[in-house]
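Undergrad: Could you look at this predicted model? Sequence included:
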Amino acid sequence: MKLIIAIIQPHRLEDVKEELYRSNVNLLTVSEVLGHGRQKGVTEVYRGAKETGNLLRKVRLEIAVNDDYLEAAVKAIVKGAKTGETGDGKIFVLDLKECVRIRTEERGNIAIG
Ligand SMILES: Nc1ncnc2c1ncn2[C@@H]1O[C@H](COP(=O)(O)OP(=O)(O)OP(=O)(O)O)[C@@H](O)[C@H]1O
Ligand SMILES: [Mg+2]
């Protein structure tokens, strides 16, 4: 099991969701966050996304997947989020030790999706 954490441009969220659903990835958590990449927020300021100081509005996705779905999920995020401009975002993939569906107490692969 893997946990995908992706930071994307807010205006790409709908496209990313669409691509994920197309890849049969249907469960996700979305948060609004602030951040900056290696340009330290400077080059993106003029696109109107600036929030506080040099921190820019971004969207964070958390998606837990079984290993079989990892590659498709990563590709879907890239496809939906990429514009080719700086600030398009980043995807982090972490090993996931456990998942528990609270309602049924199912664990592991079966609990994820
Ligand atoms: N190494 C990192 N650690 C934590 N958060 C990061 C990291 N890299 C990027 N982020 C987050 O992802 C967002 C988008 O990053 P961004 O796409 O600007 O990365 P970049 O490395 O600067 O690449 P680019 O040169 O394409 O802009 C940042 O605003 C920040 O929230
Ligand atoms: Mg950047």
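TA: Arrived safely, thanks for sending. Numbering: from 1, shown residues only. Ligands and ions are numbered 1, 2, ... in the order given.
Undergrad: which residues in this protein form strands?
TA: Here the chain has its strands, by DSSP state E, at 2-8, 29-35, 50-52, 55-65, 89-95, 100-101, 106-107.
Undergrad: If you count contacts, what does the first one end up packed against?
TA: Contact partners of strand 2-8 among helices and strands, from 3 or more C-beta pairs under 8 Å, 6 or more residues apart in numbering; DSSP states H and E: strand 55-65, helix 67-81, strand 89-95. Where C-beta positions appear, they are placed from N, C-alpha and C, glycine not excepted.
Undergrad: one step back: now for the strands of the chain, which one comes closest to ligand 1?
TA: Ligand 1 lies closest to strand 29-35 among these, at 2.0 Å (C-beta to the nearest ligand atom).
Undergrad: how near is Leu13 to Ala72?
TA: 18 Å (C-beta to C-beta, to the nearest Å).
Undergrad: what does Gln39 give?
TA: 30 Å.
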